[in-house]
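A.B. asks: Provided below for reference: sequence and predicted model.
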Amino acid sequence: MPSRRFGPILLCAVIALAAGAVSTQVLGQTIAQRLAARDACMASAKLLCPTQAAARDRDGVKACLVKNLDKVTPACATALKAVLAAQGAKP
């Protein structure tokens, strides 16, 4: 009988661990994408968004780059679109 008592608890623990692993994997992917976008967009940010870049305003730089998506480098556009897609946003 003790195994019946622990069965639901064990099942919940396994589900929680699996959900945590998936969340960590998705989070890690988003962080990697953000780092790739940062590296790919550094020159575009300095050129197109100098005020926001100098102030280190991440949200301002992101908004400025999205606004100027047609003017950023191809690598920056690709990386920025990947970040936006991962966040469920559209350019």
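C.D. replies: Here it is on my side, so go on.
A.B. asks: which parts of this protein are strands?
C.D. replies: Ranges of strands in the chain, per DSSP state E: none exist.
A.B. asks: any low-confidence regions in it?
C.D. replies: For the chain, the stretches with pLDDT under 70 are 1-29, 90-91.
A.B. asks: rerun that using 80 as the cut-off
C.D. replies: Along the chain, segments meeting pLDDT under 80 span 1-30, 34, 87-91.
A.B. asks: ok, residues contacting stretch 55-67?
C.D. replies: Here stretch 55-67 makes contact (Cβ atoms under 8 Å, 6 or more residues apart in numbering) with 41, 44-45, 48-49, 51-53, 72, 76, 80, 84, 91. Every C-beta, even on glycine, is put in place using the N, C-alpha and C of the backbone.
A.B. asks: if you set the cut-off to 6 Å instead, what comes out?
C.D. replies: By Cβ atoms under 6 Å, 6 or more residues apart in numbering, the list of residues contacting stretch 55-67 from outside reads 41, 45, 49, 52-53, 72, 80, 91.
A.B. asks: show me where this protein has helices.
C.D. replies: Assigned by DSSP state H, the chain shows helices spanning 2-48, 50-54, 58-67, 74-86.
A.B. asks: how deep is L80 tucked in, by neighbour count?
C.D. replies: A count of neighbours around L80, defined by other Cβ atoms under 10 Å, yields 23.
A.B. asks: surely it touches A36?
C.D. replies: No. Contact criterion Cβ atoms under 6 Å: L80 and A36 do not qualify, at 9.7 Å.
A.B. asks: so what's T30 up against?
C.D. replies: Going by Cβ under 6 Å, 6+ apart, T30 touches A86.
A.B. asks: so R56 versus A36, what's the distance?
C.D. replies: Computed as Cβ to Cβ, to the nearest Å, the R56 to A36 distance reads 19 Å.
A.B. asks: between these two, which one's more packed in?
C.D. replies: A36 (17 against 8).
A.B. asks: just confirm that one contacts A79, I think it does.
C.D. replies: Yes. If you go by Cβ under 6 Å, A36 and A79 touch, sitting 5.0 Å apart.
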